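Asker: Sharing a sequence plus its predicted fold:
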Amino acid sequence: MFQRLCRPVALLLFALTVPLAAGAAPRPADKAKLDAGEVVVRTFAVKGYEMPRATMYAVIDAPMEKVWAVIDKCADYKRTMIRVMESEELSRKGNVVTCRIKVDMPWPVDDLKATTRATHTVAPGKRYERAWTMVEGDYKVNEGKWVFTPWGDKPGRTLAYYEVHAVPKVGVPVWIMKKASRSALPDLIERLRKFSGASPR
């Protein structure tokens with residue numbers, strides 16, 4: 001039961017804090033791990049919440065433009081992301097994109113819905129960012145971002161940075177949420193690698 005509940009709870013954090021960090025560079029000690037294909041996950045306490053903020057770094061062997069194409073299209077999340085039952089782009093005005101997501105949760109937890117508003121900031125060849133906040137949904141708080149920048153001297157490699165603070169309203173024990181956020185977040189990177197056509201590790 002724990003495994004069935006833990007994994008989707010963590011993955012729902014993607015679908016959809018206090019102001020989020022700007023996406024600082026990874027620590028020098030992490031460079032070898034990232035070059036080797038490892039995913040670096042850390043959590044940080046958020047005042048007033050039991051659930052921490054989670055951050056994640058990983059290197060994807062695909063150009064930023066191809067990785068960004070997966071994240072930019074929230075309507076496709078039901079195909080590109082795990083356990084997303086429904087996904088719909090409600091509007092796109094300039095660089096502001098509003099999306100509705102429904103995540104499949106195992107019994108006895110109800111499926112979770114959220115409408116989010118994201119700002120897409122693109123500097124071709126330099127940086128791609130999607131930063132979202134919740135408009136309404138089954139969460140007390142749900143904010144996060146993806147940031148993609150070049151990695152290393154070899155062309156066509158992308159550093160992916162992910163940050164999220166999400167607290168569902170459902171009664172999932174906090175210890176499960178904390179464990180899940182560290183153990184299952186790397187699955188998001190595997191999906192990005194798959195759908196961006198990244199070179200196999």
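Answerer: Yes, it's here. The structure displayed is predicted, hence computed values, not measured ones.
Asker: Can you list the low-confidence ranges for the protein?
Answerer: Residues of the chain meeting the criterion pLDDT under 70: 1-24, 171-184, 199-201.
Asker: all strands of it, in order?
Answerer: Ranges of strands in the chain, per DSSP state E, are 40-44, 53-60, 84-93, 96-103, 112-123, 127-137, 139-150, 158-168.
Asker: can you list the ones you listed in CSV and add distance to residue 194?
Answerer: C-beta here means a position set from N, CA and C on the backbone, and glycine is covered the same way. Listed next are the strands of the chain as CSV, based on distance: least, C-beta to C-beta, whole Å:
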stretch, distance to residue 194
strand 40-44, 19
strand 53-60, 10
strand 84-93, 15
strand 96-103, 19
strand 112-123, 22
strand 127-137, 18
strand 139-150, 16
strand 158-168, 13
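Asker: Dig out what residue 136 forms beta bridges with.
Answerer: Under the criterion DSSP bridges, residue 136 forms beta bridges with residue 115.
Asker: separation between it and residue 116?
Answerer: Separation of residue 136 from residue 116 (C-beta to C-beta, to the nearest Å): 9 Å.
Asker: Which one's more surrounded, these two?
Answerer: Neighbours of residue 136 and residue 116, each counted by other C-beta atoms under 10 Å, are more numerous for residue 116; the result is 24 against 11.
Asker: Could you pull up the residues touching the closest residue to that one other than its chain neighbours?
Answerer: Leaving out its chain neighbours, the residue that sits closest to residue 116 by C-beta to C-beta, 6 or more residues apart in numbering is residue 132, at 4.5 Å. Residues near residue 132 by C-beta atoms under 8 Å, 6 or more residues apart in numbering: 16, 116-119, 142-145.
Asker: now residue 126
Answerer: Contacts for residue 126 (C-beta under 8 Å, 6+ apart) come out as 149-150.
Asker: Residue 28 - how many residues pack around it?
Answerer: 7.
Asker: let me redo that: residue 98
Answerer: 17.
Asker: same deal with residue 93?
Answerer: 7.
Asker: What of residue 107?
Answerer: 8.
Asker: Please report the distance of it from residue 167.
Answerer: Per C-beta to C-beta, residue 107 is found 21 Å from residue 167.
Asker: again, but for residue 118
Answerer: Applying C-beta to C-beta to residue 118 and residue 167 gives a distance of 19 Å.
Asker: out of the two, which sits in the more crowded spot?
Answerer: residue 118 (23 against 18).
Asker: so the residue nearest to the more buried one when sequence neighbours are not counted bridges to which residues?
Answerer: In space, and not counting its chain neighbours, residue 118 is closest to residue 132: 3.8 Å by C-beta to C-beta, 6+ apart. Taking DSSP bridges as the rule, residue 132 bridges to residue 118, residue 144.
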